[in-house]
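>>> please find the sequence and the predicted model below.
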Amino acid sequence: MILKSGKVTTEKICFITSLGSSQASPAELLKYKIAHWGIENKLHRNKDVLLREDASTIRKNQAPQAVSAIRNLVIHLLTKLHHSPKIAREIATYDINKAIQLLT
């Protein structure tokens, strides 16, 4: 529904699944789809927006995996400071004592 006008709209969503119609209802399929994007929005978006992961040029050997693990740790530590990693990064940037507390 469009909130400003109150007009009801319909949206067609397509995705591929191995589940047959007898294995999952349309409502269950929608839940799976939403859960998938939740992962993208919570972890991958934070890693890219906050830590610029997509701009990384690290490509050799096990370095990409190691740096990804470090990024995951950074996101985890930031969420201990504040539920929003973006706000947590700002807090840690301006208060070095809080940033150090994350490591102790």
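Yes, it's here.

>>> what residues sit buried inside the longest helix seen in the chain?
Scanning the chain for the longest helix, with DSSP state H as the assignment, gives helix 63-81. Residues 71, 74-75, 77-78, 81 are the ones in helix 63-81 that count as buried (16 or more other CB atoms under 10 Å). C-beta here means a position set from N, CA and C on the backbone, and glycine is covered the same way.

>>> next, the closest residue to I13 other than its chain neighbours: phi, psi?
Computed as CB to CB, 6 or more residues apart in numbering, the closest residue to I13 that is not its neighbour in sequence is K33, at 6.7 Å. Here is the backbone geometry of K33 (degrees, to the nearest 10): phi -60, psi -40.

>>> could you report the neighbour count for K33?
Using other CB atoms under 10 Å, K33 has 14 other residues around it.

>>> so how far is the longest helix of the chain from its chain's centroid?
13 Å (CA atoms, centre = their mean, to the nearest Å).

>>> hey, where'd the helices end up in this structure?
Going by DSSP H, the chain shows helices at 26-39, 45-49, 63-81, 85-94, 96-103.

>>> as JSON lines, the ones you listed with distance to F15 and mean pLDDT would be great.
JSON lines is the format used below for the helices of the chain (distance: least, CB to CB, whole Å; pLDDT from 0 to 100):
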{"stretch": "helix 26-39", "distance to F15": "6", "mean pLDDT": "79"}
{"stretch": "helix 45-49", "distance to F15": "19", "mean pLDDT": "80"}
{"stretch": "helix 63-81", "distance to F15": "26", "mean pLDDT": "88"}
{"stretch": "helix 85-94", "distance to F15": "27", "mean pLDDT": "87"}
{"stretch": "helix 96-103", "distance to F15": "38", "mean pLDDT": "84"}
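
>>> how about those in TSV, adding distance to T10?
TSV is the format used below for the helices of the chain (distance: least, CB to CB, whole Å):
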stretch	distance to T10
helix 26-39	13
helix 45-49	27
helix 63-81	36
helix 85-94	34
helix 96-103	46
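
>>> between those, which gets nearest to K4?
Closest to K4 of the helices of the chain, according to CB to CB: helix 26-39, at 23.8 Å.

>>> CA atoms only for that closest one, dumped as PDB, please.
Output of helix 26-39 as PDB, limited to C-alpha atoms (Å, rounded to 0.1, in the frame of the first residue of the first chain):
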ATOM      1  CA  PRO A  26       3.400 -18.700  -0.900                       C
ATOM      2  CA  ALA A  27       3.600 -17.200   2.600                       C
ATOM      3  CA  GLU A  28       6.400 -19.500   3.600                       C
ATOM      4  CA  LEU A  29       8.300 -18.700   0.400                       C
ATOM      5  CA  LEU A  30       8.000 -15.000   1.100                       C
ATOM      6  CA  LYS A  31       9.400 -15.600   4.600                       C
ATOM      7  CA  TYR A  32      12.400 -17.400   3.000                       C
ATOM      8  CA  LYS A  33      12.900 -14.500   0.600                       C
ATOM      9  CA  ILE A  34      12.800 -11.900   3.300                       C
ATOM     10  CA  ALA A  35      15.200 -13.900   5.500                       C
ATOM     11  CA  HIS A  36      17.700 -14.100   2.600                       C
ATOM     12  CA  TRP A  37      17.700 -10.300   2.200                       C
ATOM     13  CA  GLY A  38      18.000  -9.900   6.000                       C
ATOM     14  CA  ILE A  39      21.400 -11.500   5.800                       C
END
